[in-house]
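> predicted model and sequence below, questions to follow.
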Amino acid sequence: MCGLSARQSAWTQDAGLKSRTTARLVGAAIVLAGVCAAAAALSPEGGESQPVWYSVVPPMLAILLAFLTHHVIASLGIALLVGGLLCRVPAGPLGIGNWWAGIAGVAGCIGGTLSRGGNLLILVFIPPIFIMIEMIIASGGFSGIIRRLLRWVRGPRSAGVATVLMGILCFIDDYANAIVVGSMMQPVTDRFRISREKLAFLVDATSAPVSGLAVVSTWIAYEVGLFGDMAVQLGIDKSGYGMFFDALRFRFYCLLMLVFVMAAAILRTDFGPMRKTRPVAAGQGGAGGGDAGRTPGDGLARNALIPLAGLIGFHITGLWFDGGGPRLLRQGASVLSLGYWRDVISAARHSTMILAMAATFGLGLALVCGTVTGRLDRRAIRACLWRGLKRAVLPSIILTLAWSLKTCCDALRTGEFLAAVLAERVSPAWFPAILFLAASVTSFATGTSWGTMAILIPTTIPVAHALDGGAYGTITMISLGAVLDGAIFGDHCSPISDTTILSSVACDCPLMDHVRTQLPYSLTVAAAAVVCCYVPAGHGLSPAVGVGVGAAAIVVVLLSCRRADV
């Protein structure tokens, strides 16, 4: 009887699993069909010059398959193949040559991605940074930092707050932020039983939002450049910097996300899928769990602090030279002036190369520190090289496929289609909120915040300017902030985003677990930004009041979830 009951239970569980799988597949098919039908119905008329509705299929397919299968590489590969076929086959579905050209176009997308210097430099940055981290672990560096942090990090609350503060302090670059903060704080959060999913969220939520807001970062040159082009095109008597600072008070999503992560860390409140996550068992995991197990005796904090300080110092120094810092000093600028550093970093043109060089420099310092202190011998160095290279393979493959899919979307003009569908459909007061949603959808679908900014700023800001009566008014300023914030929100949530991928890898958290648990938090903040900030600001409410109301709403939600024990 017991055997029969066990078999019946197994059959019941198997049937339930198959039923849930079928339901997910049907739901995904309905979503994809609905998106395609809506895209076809809303497709602008204008002949062959207009982007086509099926340009949304590849990114939507990648996202749905990733959520269904949790196999990101396979999902990206299939979506890339479909995108390559859609680039050629619709012109002649019956021609075998078009099908072959579509398949060959996939290789062309990958080749084009790898031929871009910026992408190659990011891929070059990944292996040395992971090898450096492995050497810091093996030489006891992280365990030494942990001992220092534990002097005031007494529990999960202070560990979460420390993670948020470190994320805010590493404001120069989002890639460096995710790698350094995730790897350094992983042992601390593991010790106080904070799940890897929660750590990945805290890291991801303080990488791009902080770098996008910072007036001194690798982002500001890109943002200011786009704004400067708009000023020239629309005849606005403002510099790119001036427009950036005008839009800064309307960066509602980024501001409220920082409020959310700090409040969540202080209140120790989780909801949704994050509530069900569990910390790793003692002695398991990657960078954090392996530190104590690999290194006997007390850790040496300097084995971590020197390489990390060298990486950050080399990065800032490189940006200083590349951005003409010495020249500005000779012209009488003050090195203590915020405007001086803003001008220097915005003028840097080789920030990605400098970041790759800084990672190599940091690796060299980690090797020297570990060798001098006797913590690294030849065998340990070889092991660190092997572990670091293994950890670098997966994100490199995923990043390459994600960039290739973005190249394919560029060929299909996905972003242009989304912008054309959503532009000029609402009144001026509602336009910034709709633009935030449009930027969110575009960046979520394409997995790139910078690409979304490049697509939507030239195509939608002229619309906002026209809705402002042909003047540089409030609607235009809010719209500038809406594009930047929507691009960061969608990129923050997308499973094909490079910062999302790097955050999950740095925290040793499965990518889809990170996306699944983070999404409700990001959607909550986005909803607060739209309801409490963008819509009221479009109708004339002060942005400071909107941020205050949005922050209060976020705290109320977190307190409600805490009381309800959701």
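Nice, thanks for sending it over.

> can we go C-alpha only for contacts and neighbour counts from here?
OK.

> how about the residue nearest in space to the middle of the chain, what does it touch?
Taking CA atoms, centre = their mean as the criterion, residue 499 is the residue nearest the geometric centre of the chain, at 3.3 Å. Counting by CA atoms under 8 Å, 6 or more residues apart in numbering, residue 499 touches 174-175, 178, 204, 207-208, 491-492.

> how about TSV for those residues, with secondary structure, neighbour count and pLDDT added?
Below are those laid out as TSV (DSSP: H, G, I helix; E, B strand; the rest coil; neighbours: other CA atoms under 10 Å; pLDDT from 0 to 100):
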residue	secondary structure	neighbour count	pLDDT
174	helix	26	76
175	helix	23	74
178	helix	30	82
204	helix	30	89
207	coil	29	85
208	helix	28	83
491	helix	29	81
492	helix	31	80
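
> what is the rounded mean pLDDT of the strand or helix carrying residue 513?
Per DSSP states H and E, residue 513 falls inside helix 511-528. Taken as a whole, helix 511-528 has a mean pLDDT of 91.

> try stretch 160-170
83.

> who touches that stretch?
With CA under 8 Å, 6+ apart as the criterion, stretch 160-170 contacts 153, 176-178, 181, 185, 189, 199, 202-203, 206-207, 210, 261-262, 265-266.

> residue contacts, residue 205?
Residues near residue 205 by CA under 8 Å, 6+ apart: 257-258, 261, 492.

> lowest-pLDDT helix or strand in the protein?
Lowest mean confidence among the helices and strands of the chain (mean pLDDT, DSSP states H and E): helix 287-294, at a mean of 41.

> next secondary structure after it?
Using DSSP H and E, the helix or strand that follows helix 287-294 towards the C-terminus is helix 302-322.

> now do the buried residues in that next one.
302-308, 310-312, 314-316, 318-320, 322 (16 or more other CA atoms under 10 Å).

> over to stretch 407-415?
407-415.

> can you check stretch 50-62 too?
51-62.

> which of those residues fall in strands?
Assigned to strands by DSSP state E, none of the buried residues of stretch 50-62 qualify.

> ok, those residues vs residue 106, which is closest?
Nearest to residue 106, judged by CA to CA, of the buried residues of stretch 50-62 is residue 58 at 12.2 Å.

> any idea how far residue 145 is from that closest one?
Noted for residue 58: a distance of 44 Å to residue 145, by CA to CA, to the nearest Å.

> and if you look at residue 416?
Counting by CA to CA - residue 416 and residue 145 are separated by 48 Å.

> repeat that for residue 560.
36 Å.

> those two: which is more packed in?
residue 145 (21 against 13; other CA atoms under 10 Å).

> who are the contact partners of that one?
Residue 145 touches 299-301, 304-305, counting by CA under 8 Å, 6+ apart.

> ranges for the helices of the stretch 301-450 of the chain?
Here the stretch 301-450 of the chain has its helices, by DSSP state H, counting those that start in this stretch, at 302-322, 325-330, 338-347, 351-372, 378-412, 414-422, 431-446, 449-467.

> save those as a markdown table, and put in mean pLDDT too.
Converted to a markdown table, the helices of the stretch 301-450 of the chain look like this (pLDDT from 0 to 100):
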| stretch | mean pLDDT |
| --- | --- |
| helix 302-322 | 86 |
| helix 325-330 | 87 |
| helix 338-347 | 74 |
| helix 351-372 | 86 |
| helix 378-412 | 82 |
| helix 414-422 | 69 |
| helix 431-446 | 84 |
| helix 449-467 | 75 |
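
> so which of the ones you listed is the most surrounded?
Scoring the helices of the stretch 301-450 of the chain by mean neighbour count under mean count of other CA atoms under 10 Å gives helix 431-446 as the most buried, with a mean of 27.
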